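*Asks:* show me the folded form of this:
(chains A and B)
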Amino acid sequence: MMAKDKQIRVRMAPSPTGNLHIGTARTGLFNFLFARRHRGIVLLRIEDTDAARSTAESEENILNGFARLGITFDEGVMSDGSEKGEYGPYRQSARTDLYERYLQQLLDEHKAYYCFCSKEVLDAQRESQQAAGQSPRYVGTCRSLAKDQVEAFQKEGKRGVIRIKVPDGKRKFMDLVRGEVEFELGLLGDMVIAKSLRAPLYNFVVVVDDFTMEISHVIRGDDHINNTPKQLVIADALGFSSPAYAHVPVILSATGKGKMSKRDGGTAIEEYLAAGYLPEALVNFLVLLGWHPGPEQLGLDGSPVGDREFFVVEELVTLFDLDRVQKGGARFSLDKLNHFNNQYIRRLEPSYIVKLLIDGDFVPQEWLEHRALLERVVAVEQERLATLGDLRTEASFFFEIPPYDPRLLVWKKSDALSAEENLQAAREAIKAGADMMALAGERGRGDLLWPLRVALSGLEHSPGPLEILTVIGKDEALVRIDSALDKLSSLTTPQNFSQ
RNA sequence: GGUCCCAUCGUCUAAUGGUUAGGACACUUGGUUUUCAUCCAAGAAAUAGGAGUUCGAUUCUCCUUGGGAUCACCA
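*Replies:* Predicted coordinates:
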């Protein structure tokens, strides 16, 4: 247990082996919020001990993703890739010397040992143990290898790995979201903590880093809970105190079984950003996946949160805490995300949305040539959008009317002749700048407005004709009506009756 | 299979040893509306099952069932 007066220091420790995952982003968000809430430090550490799988592109993607979500770090690797803080280096690949020292210490104290068992032998053991219904674990063959034997093996050129001696007995720890968790250490087996002195493995480096970086709380995904006893054993052997732990539930697949996967609409934050989900909406959605404020907690406006679901980050910082994090996994829901995103888009000024559209490359270049027009388009479309990316398909008719079937111009409760007459009337009214709704009152709303709307949009579903009119303007409207009238003539003037 | 964990509407969740078990998304219906969407109103929808403790359990305990995570010389 950590001392009460110690500063709160939490860390986010992604491994750069892929793009920023939605679950990683949420864990990062929880860490960030927790640190802010308790006036602590949140640092970013890059876990790149696996040189073969780590890439600079992934690291950049992760850094960039966090930055775009507004999840910032006080220490560690900054979004531009530089490092800040006194506990560095913050990339594990640069900490090999430190790990080697501790590894050597364990070896010297006989708490760890070299193992030369072949992979084939190990696999066979694991299989037979599983078949026998036992927990698969290393049986300890090399545990008591004599020193000269080890040297003999090494002289033969055998590399050998380093295993830690795991004691018997139970080991329990207090998890801030789960409560007390207890494990039987005997089931673990002596695990490999390094491939060599210069090639330490995950569970080992995490322990060394969390301790040397003075991490007070490890807030991480549920998938690490089974690693916790292993890390506790390592920390014990090293004589380190352990941080407090909080394992947050995983994000479950919306569709199939199990964890969130690619089929659920994407697992990478980048994909959501690229599709036109706003960072604020993503954050709001993500924070509610597995956490919810107490209804009696006070919001920024001083009143109880109650049933409210919309929160800005500054508010989350005052509301968030680990004790209200859900224990069970939360299922991802694209519907709900879309709802949040739509609501956030609605609140934005059209001019600002235009800026986002340009920055994010959400609309064709040609649209940008008519910025004033684009802004008017946004104003009428924004309440209809689930994502910024949707605008491209939703609003293209403003810029270029799509081809459409003349029969669409005919209202379901009317006929082609009426459509033609009403369109003519609408044309005159527009030309004269007359009150269209008054005219619609006279001629019948559907009778006038349906053909007009289709003439202006070419679509079965679209914003209202008057809205479209104000966006495209009188001249373009007249052109479109003429074109519609032209199409209509093929219906109202029968070419032949030969059939 | 071993280990660990979880369990309230379809989904995210709120609440409580005594409530009409609340909200949101999605869904259905009605209203507004030229269409779709919006907006407004209404509706359907949950305490997994079985024991026990208790005057009383959805809430506490146990079992069953279901779900999830994890079992590397990855992280």
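*Asks:* scan chain A for its longest helix.
*Replies:* Identified as the longest helix of chain A according to DSSP state H is helix A:465-492.
*Asks:* what residues of it count as buried?
*Replies:* A:465, A:467-469, A:471-472, A:476-477, A:480-481, A:484-485, A:487-488, A:491-492 (16 or more other C-beta atoms under 10 Å). C-beta here means a position set from N, CA and C on the backbone, and glycine is covered the same way.
*Asks:* how about the helices in the stretch 151-300 of chain A?
*Replies:* For the stretch 151-300 of chain A, helices defined by DSSP state H, counting those that start in this stretch occupy the ranges A:202-212, A:228-238, A:269-275, A:279-287.
*Asks:* which one of those lies nearest to RNA strand B?
*Replies:* Closest of the helices of the stretch 151-300 of chain A to RNA strand B is helix A:202-212, at 3.1 Å (criterion: C-beta to the nearest atom of the strand).
*Asks:* can you dump the C-alpha atoms of the worst-scoring helix or strand of chain A on mean pLDDT in PDB for me?
*Replies:* In chain A, the helix or strand scored least confidently by mean pLDDT, DSSP states H and E is helix A:119-131, which has a mean of 86. Extracted in PDB, the C-alpha atoms of helix A:119-131 (Å, rounded to 0.1, in the frame of the first residue of the first chain):
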ATOM      1  CA  LYS A 119      11.200 -24.900 -26.700                       C
ATOM      2  CA  GLU A 120      10.100 -28.400 -27.800                       C
ATOM      3  CA  VAL A 121      10.400 -29.800 -24.300                       C
ATOM      4  CA  LEU A 122       8.600 -26.900 -22.900                       C
ATOM      5  CA  ASP A 123       5.800 -27.100 -25.400                       C
ATOM      6  CA  ALA A 124       5.400 -30.800 -24.700                       C
ATOM      7  CA  GLN A 125       5.200 -30.200 -21.000                       C
ATOM      8  CA  ARG A 126       2.600 -27.500 -21.400                       C
ATOM      9  CA  GLU A 127       0.500 -29.700 -23.600                       C
ATOM     10  CA  SER A 128       0.500 -32.600 -21.200                       C
ATOM     11  CA  GLN A 129      -0.300 -30.400 -18.300                       C
ATOM     12  CA  GLN A 130      -3.200 -28.900 -20.000                       C
ATOM     13  CA  ALA A 131      -4.400 -32.300 -21.100                       C
END
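*Asks:* what's that helix in contact with?
*Replies:* A:135-139 (C-beta atoms under 8 Å, 6 or more residues apart in numbering).
*Asks:* and which of the residues you listed is nearest to RNA strand B?
*Replies:* Nearest to RNA strand B among those, with distances taken as C-beta to the nearest atom of the strand, is A:S135, at 3.0 Å.
*Asks:* and the closest one, that's in a strand?
*Replies:* No. Counting by DSSP: H, G, I helix; E, B strand; the rest coil, A:S135 falls outside a strand, being coil.
*Asks:* what about the residue nearest to it when sequence neighbours are not counted, how many neighbours?
*Replies:* Spatial nearest neighbour of A:S135, excluding adjacent residues (C-beta to C-beta, 6 or more residues apart in numbering): A:L187 at 4.3 Å. If you count neighbours by other C-beta atoms under 10 Å, A:L187 ends up with 12.
*Asks:* the longest helix of chain A vs RNA strand B: in contact?
*Replies:* Yes. Applying C-beta under 7 Å from any atom of the strand, one finds helix A:465-492 in contact with RNA strand B at A:465-467.
*Asks:* dump those residues to CSV, plus pLDDT.
*Replies:* Formatted as CSV, the residues of helix A:465-492 next to RNA strand B follow (pLDDT from 0 to 100):
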residue, pLDDT
A:P465, 94
A:L466, 92
A:E467, 93
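*Asks:* now do the contacts for the closest residue to A:T24 other than its chain neighbours.
*Replies:* In this structure, A:T24 finds its nearest non-sequential neighbour in A:P14, 5.5 Å apart by C-beta to C-beta, 6+ apart. Taking C-beta under 8 Å, 6+ apart, we find A:P14 in contact with A:20, A:24, A:28, A:44, A:46-47, A:62.
*Asks:* please apply the same query to A:I353.
*Replies:* Taking C-beta under 8 Å, 6+ apart, one finds A:345, A:378, A:382, A:388 in contact with A:I353.
*Asks:* return the helix or strand that contains the second one as CSV; C-alpha atoms alone will do.
*Replies:* If I follow you right, that is A:V378. Here A:V378 sits within helix A:371-381, counting by DSSP states H and E. C-alpha atoms of helix A:371-381 as CSV (Å, rounded to 0.1, in the frame of the first residue of the first chain):
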residue,chain,number,x,y,z
ARG,A,371,-16.8,28.7,-48.9
ALA,A,372,-19.8,30.8,-48.2
LEU,A,373,-22.0,28.2,-49.9
LEU,A,374,-20.3,25.4,-47.9
GLU,A,375,-21.0,27.2,-44.7
ARG,A,376,-24.7,27.5,-45.6
VAL,A,377,-24.8,23.9,-46.5
VAL,A,378,-23.3,23.0,-43.1
ALA,A,379,-25.8,25.1,-41.3
VAL,A,380,-28.7,23.1,-42.7
GLU,A,381,-27.0,19.7,-42.6
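*Asks:* what packs against it?
*Replies:* With contacts defined as 3 or more C-beta pairs under 8 Å, 6 or more residues apart in numbering; DSSP states H and E, helix A:371-381 has these neighbours: helix A:350-359, helix A:365-368, helix A:391-394, helix A:396-399, helix A:465-492.
*Asks:* helix A:371-381 and the last one, what's the angle between them?
*Replies:* If I follow you right, that is helix A:465-492. Calculated by axes from the mean of the first three to the mean of the last three C-alpha atoms, to 10 degrees, helix A:465-492 forms an angle of 90 degrees with helix A:371-381.
*Asks:* ok, the first one next?
*Replies:* If you take the same axes, to 10 degrees, helix A:350-359 sits at 110 degrees to helix A:371-381.
*Asks:* just the buried residues of helix A:350-359, please?
*Replies:* A:350, A:353-354, A:357.
*Asks:* pLDDT score for the closest residue to A:A246 other than its chain neighbours?
*Replies:* Distances taken as C-beta to C-beta, 6+ apart put A:L176 closest to A:A246, at 3.8 Å, once the chain neighbours are dropped. Reading off the confidence values, A:L176 has pLDDT 93.
*Asks:* I figured A:L176 hits A:A244, correct?
*Replies:* Yes. A:L176 is within contact range of A:A244, at 6.0 Å (criterion: C-beta atoms under 8 Å).
*Asks:* find residues that contact each of these two.
*Replies:* Counting by C-beta under 8 Å, 6+ apart, the common neighbours of A:L176 and A:A244 are A:H217.
*Asks:* what is the neighbour count of A:D323?
*Replies:* Neighbourhood size, A:D323 [other C-beta under 10 Å]: 9.
*Asks:* contacts only, for the closest residue to it other than its chain neighbours.
*Replies:* Distances taken as C-beta to C-beta, 6+ apart place A:L176 nearest to A:D323, at 7.3 Å, with adjacent residues excluded. A:L176 makes contacts with A:217, A:219, A:244-246, A:322-323, as judged by C-beta under 8 Å, 6+ apart.
*Asks:* before we move on, back to that, please report how far the residue nearest to A:S135 lies from RNA strand B.
*Replies:* Distance, A:L187 to RNA strand B, by C-beta to the nearest atom of the strand, to the nearest Å: 5 Å.
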